[in-house]
Every structure is written in structure tokens, then in C-alpha cells.
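1. Structure for this input, please:
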Amino acid sequence: MCERCPWCGTDPIYVEYHDTEWGVPEYDSRALFEKLVLDGFQAGLSWITILKKRDNFRTAFDGFDPHIIAEWGEEEVARCLADPGIVRHRGKIEATIGNARAWQQIEGREGFSAFLWSYVDGAPLQNSFATMAEVPPETPVSKQLSKDLKKTGFRFCGPTIVYAFMEAVGMANDHLTTCPRHEAVKALAR
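-> Numbers count the residues shown, from 1 in each chain. Here you go, the predicted structure:
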């Protein structure tokens, strides 16, 4: 019996995200930055909350262009804190500015995408979990990536956040084996 991963429930926004985006390998450095920042904003909240506000986040954060965000100061922080369309958390907003600066360093040195994908040898990890209970909240790889991101200056990127990020951007295929997207996403691997 083929059934979607149960975490997405029946909310049409969540189902669409599950069916078209979650687990699809992403290699664009800017898109990877956006997703990592949004996963950081999710800390303490549900992903559906962030997903419903994602377009507002994109507007508020200048399309998640790290080069623009890296130049932000208190004026932009205050503007975001006044924006009811996003999660208004000073620490997470300020972390996004620092993360943009860290992204620039990694991007200039080796490319942010290449840096991230090197942790899985450039190819998605193909897991074969049959139940949600089998899916780990973090892994040795997410722990190491989290540690290394923090060394470069990233914040709000603990091992659990990083593993959720890895699943979302296709670095780890954690669609359950009973989900029709498992094989579809597996076929997208480089």
C-alpha cells in the first residue's frame, strides 16, 4: 500500500510541499541558504507555520539574497521585527545577518552547495525507513555539519535543525518506503 509520509497530514499546503519539494535534491547555493535560514526560524515552532509565511519571509528578507542581507543593520532588523507576516524573533533575524556573512565566506572559498553536499559525498543518502519511528532526529553527519557550520559563524543550526534541512533539500531521502515519493526522489539523485 502506497501512502504519503504521515507527517504532512492533509493540509493542502503541506501535502503540496511534501509531493513536490521535500526531499528533492537542491544544489543552488542561494536556495540552500534560504532553506537553512527558514529551518532555523522553525526552531520551537511547527514547519507548517514557516511554510505558510514563506512568501512573506522571502519579501522581508530580499529574496534571501545573502549578499544583500550581509549588509543589513539595525534598520532592517527593526523593519523585520515590525513585520507581522514573519516570525518576529530578534535573535533569529540577527542570526540571519551573521549567517549571510558566513555564507559569503563559504561561497567564496568553495561554494556553499559544494560545502554542504561534501558531507554526503555529493549524492543523497538513500534511507529505507518504513515507519516514522525509524527516522532519526539527528545523525552523526548532521552533528558534524552543524558543528562545522557553527565554526564558520552560522547560528540556529543545531544537529536536529541540520538533519531536517538535509531531509528537505534531498541530502537524505527520508520519504518512507511506503510513500510514492520515495522512489521518485531516489530517481532524482545525481
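2. Quick check: Val169 touching Leu32?
-> Yes - here Val169 reaches Leu32: they are 6.1 Å apart, a contact under Cβ atoms under 8 Å. Backbone N, C-alpha and C define where each C-beta goes, glycine included.
3. These two: which is more packed in?
-> Taking other Cβ atoms under 10 Å, Val169 and Leu32 do not tie; Val169 has more neighbours (25 against 22).
4. helix/strand/coil for the residue lying closest to that one once chain neighbours are set aside?
-> What sits nearest to Val169 in space, not counting adjacent residues and going by Cβ to Cβ, 6 or more residues apart in numbering, is Glu26, at 4.2 Å. Counting by DSSP: H, G, I helix; E, B strand; the rest coil, the backbone at Glu26 sits in coil.
5. Now for Glu26: which residues touch it?
-> Contacts for Glu26 (Cβ atoms under 8 Å, 6 or more residues apart in numbering) come out as 32, 35, 169-170.
6. which one of those residues is nearest Trp47?
-> Among the contacts of Glu26, Lys35 lies closest to Trp47 (Cβ to Cβ), at 11.1 Å.
7. OK, contacts around the closest one?
-> Contacts of Lys35 were listed using Cβ under 8 Å, 6+ apart, and they are 26, 165, 168-169.
8. repeat that for 6 Å
-> Shown in contact with Lys35 (Cβ atoms under 6 Å, 6 or more residues apart in numbering): 168-169.
9. Same check on the one 5 residues further on?
-> By Cβ under 6 Å, 6+ apart, the contact list for Gly40 reads Phe156.
10. try 8 Å
-> Going by Cβ under 8 Å, 6+ apart, Gly40 touches 92, 95-96, 99, 155-157, 161.
11. and the nearest residue to Ser29 once chain neighbours are set aside, how far is that from Gln104?
-> Nearest residue to Ser29 in three dimensions, chain neighbours excluded: Phe112, at 4.0 Å (Cβ to Cβ, 6+ apart). Counting by Cβ to Cβ, to the nearest Å, the gap from Phe112 to Gln104 is 9 Å.
12. Give me the more crowded residue out of those two.
-> Phe112 (23 against 17).
13. and the gap between the more buried one and Trp103?
-> Distance from Phe112 to Trp103, by Cβ to Cβ: 6 Å.
14. Residues touching stretch 87-103, excluding its own?
-> 29, 33, 36-37, 40-41, 43, 45, 49-50, 53, 61, 66-70, 72, 76-77, 80-82, 112, 149, 152-157.
15. Wait, Gly17 touches Trp7, no?
-> To be clear, residue 17 is Tyr; Gly isn't right here. No - between Tyr17 and Trp7 no contact is recorded; they are 10.5 Å apart, counting by Cβ under 8 Å.
16. overlap in contacts of Val169 and Leu32?
-> In contact with both Val169 and Leu32: 26, 116, using Cβ under 8 Å, 6+ apart.
17. Please give me every residue in contact with the residue lying closest to Asp11 once chain neighbours are set aside.
-> Spatial nearest neighbour of Asp11, chain neighbours left out: Ile48 (6.3 Å); criterion: Cβ to Cβ, 6+ apart. Contacts for Ile48 were tallied using Cβ under 8 Å, 6+ apart; they are 11, 13-14.
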